[in-house]
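[1] Attaching a predicted model along with its sequence, questions to come.
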Amino acid sequence: MSPRKSKPEIDLVIPVYNEAGVVEQTYAELCRVIDPMPHKFHIYFVDDGSEDATVESLNALARKDKRVIVLELSRNFGHQAALTAGLDASQGDFVISMDADGQHPPEMIPQMVGLFEQGYDIVQAQRIADGGAFSFKQATSSAFYRLINAISGTQMVPGAADFRGMSRQAVDALKAMPEYHRFLRGMVSAIGYRSVILPYHESKRIAGRSKYSLGRMFRLAMDAIFSFSLVPLYIGLSAGVFFLCLAAIEMLYVYSFWFKGDTSTLAPGWSSLMFIVLIASGIILIVLGFIGVYVGYIFQEVKRRPIYFLKGRAE
Ligand code: UDP
Ligand code: MG
């Protein structure tokens, strides 16, 4: 691993959705960290169709500071799409993506840049549990990572947030993956390159509330599972084979009565028949459901729709 050329240009990509009153603080904290650094910075704020005064706040920052670039999406496309818009627009040698709510500590930036300068392509921050009170989000997140790592060929770092730095080469690799259902954490693992993990403690949100409702978290998990794994299809398949075997055993069992010439003890068989019918239709529906989801994903992919639309750019 050879060190890179001195003084790379650094881009920050920050997706923002309804964070009026939060972005100013985030910006101020960022400046405290990056102003003393010798590197040239650009800050890409991607407004993901906010309905509050976020865009005005961002535009005010852009007028004041020429490092700030505001990309305005035409509507709310979701966190992963907003991140993609920022990565597409970025031009620096090292691109750091982070949240706008202060949960990704800017103090980590110098360390991330340092690791990039040493030669790493991907510097992935990993949230470490505080060990405090039980948190629903942390519990579901760790269960999710166990599941996805068990059923997908791509290993993903548990607690890896969308807080990471990527070299130009890695960003270009990511840009070559145009899929519509995006789970960037998985996609970043899939591209390879030299990567390093940097643990951090997540801070509290500066203000406002999380935009990841339960429904949105579920959709993100679905995107991850169905775009990174074919295992759900095999679950149905193996359950089907299992029940075919059961049916064969039952056939032999019934045949044994006929063989002995003693069919009078054979019950009319309503209950067993019902049981098999119910189980079999359950399995068929589940398998059909899995296939349906994959067909839906394929449908959305083949449409080749852009992942986002830009409405404006201010710098
Ligand atoms: N975000 C976005 N579009 C959305 C939802 C969220 O750009 O549709 C941004 C949000 O403004 C924040 C980041 O994505 O900067 C992470 O969102 P949030 O803090 O709500 O998620 P959490 O930290 O609770 O997982
Ligand atoms: Mg947050």
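    Ah, there it is. Since the structure is predicted, the reported quantities are computational estimates derived from the model, not experimental observations. Numbers count the residues shown, from 1 in each chain. Ligands and ions are numbered 1, 2, ... in the order given.
[2] mind listing the helices for the stretch 201-315 of the chain?
    Taking DSSP state H, counting those that start in this stretch as the criterion, the stretch 201-315 of the chain contains helices spanning 214-228, 231-260, 270-302.
[3] Need the winner for burial among the ones you listed.
    Among the helices of the stretch 201-315 of the chain, ranked by average contacts under mean count of other Cβ atoms under 10 Å, first place goes to helix 214-228 (a mean of 16). Using the backbone N, CA and C atoms, a C-beta is placed for each residue, glycine as well.
[4] which parts of the stretch 51-200 of the chain sit against ligand 1?
    Proximity of the stretch 51-200 of the chain to ligand 1 is confined to 76, 78-79, 82, 99-101, 103 under the rule Cβ under 6 Å from any ligand atom.
[5] Ligand 1 is nearest to which of the helices of the stretch 201-315 of the chain?
    Proximity to ligand 1 (Cβ to the nearest ligand atom) singles out helix 214-228 among the helices of the stretch 201-315 of the chain, at 7.2 Å.
[6] which other helices and strands contact that closest one?
    If you count contacts as 3 or more Cβ pairs under 8 Å, 6 or more residues apart in numbering; DSSP states H and E, helix 214-228 packs onto helix 136-151, helix 184-191, helix 270-302.
[7] could you dump stretch 11-25 to PDB, C-alpha only?
    Extracted C-alpha coordinates of stretch 11-25, given in PDB (Å, rounded to 0.1, in the frame of the first residue of the first chain):
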ATOM      1  CA  ASP A  11     -15.800  16.200  -0.600                       C
ATOM      2  CA  LEU A  12     -18.500  15.900   2.100                       C
ATOM      3  CA  VAL A  13     -21.800  14.500   0.900                       C
ATOM      4  CA  ILE A  14     -24.700  15.200   3.300                       C
ATOM      5  CA  PRO A  15     -28.300  14.100   2.500                       C
ATOM      6  CA  VAL A  16     -30.800  16.400   4.200                       C
ATOM      7  CA  TYR A  17     -34.500  15.900   4.700                       C
ATOM      8  CA  ASN A  18     -36.600  18.300   6.800                       C
ATOM      9  CA  GLU A  19     -33.700  19.400   9.000                       C
ATOM     10  CA  ALA A  20     -34.300  23.100   9.200                       C
ATOM     11  CA  GLY A  21     -32.700  24.500  12.400                       C
ATOM     12  CA  VAL A  22     -30.400  21.400  12.400                       C
ATOM     13  CA  VAL A  23     -28.200  22.000   9.300                       C
ATOM     14  CA  GLU A  24     -26.900  25.300  10.600                       C
ATOM     15  CA  GLN A  25     -25.500  23.600  13.700                       C
END
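[8] how about the residue nearest the centre of the chain, phi and psi?
    In the chain, the centroid-proximal residue (Cα atoms, centre = their mean) is F183; its distance is 3.3 Å. Torsion angles at F183 (phi, psi; degrees, to the nearest 10) stand at phi -120, psi 90.
[9] how much space between G78 and ligand 2?
    14 Å (Cβ to the ion, to the nearest Å).
[10] what's near enough to touch that residue?
    Contact partners of G78, counting by Cβ atoms under 8 Å, 6 or more residues apart in numbering, are 48, 216.
[11] Against P15, how distant is it?
    Separation of G78 from P15 (Cβ to Cβ, to the nearest Å): 9 Å.
[12] shared neighbours, those two?
    The contact sets of G78 and P15 overlap at D48 (Cβ under 8 Å, 6+ apart).
[13] Grab the nearest non-local neighbour of R182.
    Ranked by Cβ to Cβ, 6 or more residues apart in numbering and with sequence neighbours excluded, the top spatial neighbour of R182 is Q80, at 4.3 Å.
[14] For the stretch 101-250 of the chain, give me the ranges with low pLDDT.
    Scanning the stretch 101-250 of the chain for pLDDT under 70 picks out 130-133.
[15] Up against ligand 2, what does it have?
    Counting by Cβ under 5 Å from the ion, the stretch 101-250 of the chain comes close to ligand 2 at 101, 103.
[16] try 8 Å
    Within reach of ligand 2 by Cβ under 8 Å from the ion, the stretch 101-250 of the chain has these residues: 101, 103, 205, 210-212.
[17] out of those residues, which are inside strands?
    Among these, no residue falls in strands (DSSP state E).
[18] quick one: which of those residues has the most company?
    Greatest neighbour count in these, by other Cβ atoms under 10 Å, goes to D101: 23 neighbours.
[19] contacting residues around that residue?
    With Cβ under 8 Å, 6+ apart, D101 has these contacts: 19, 22, 26, 205-208.
[20] now swap in L184 and tell me
    80, 83-84, 162, 174.
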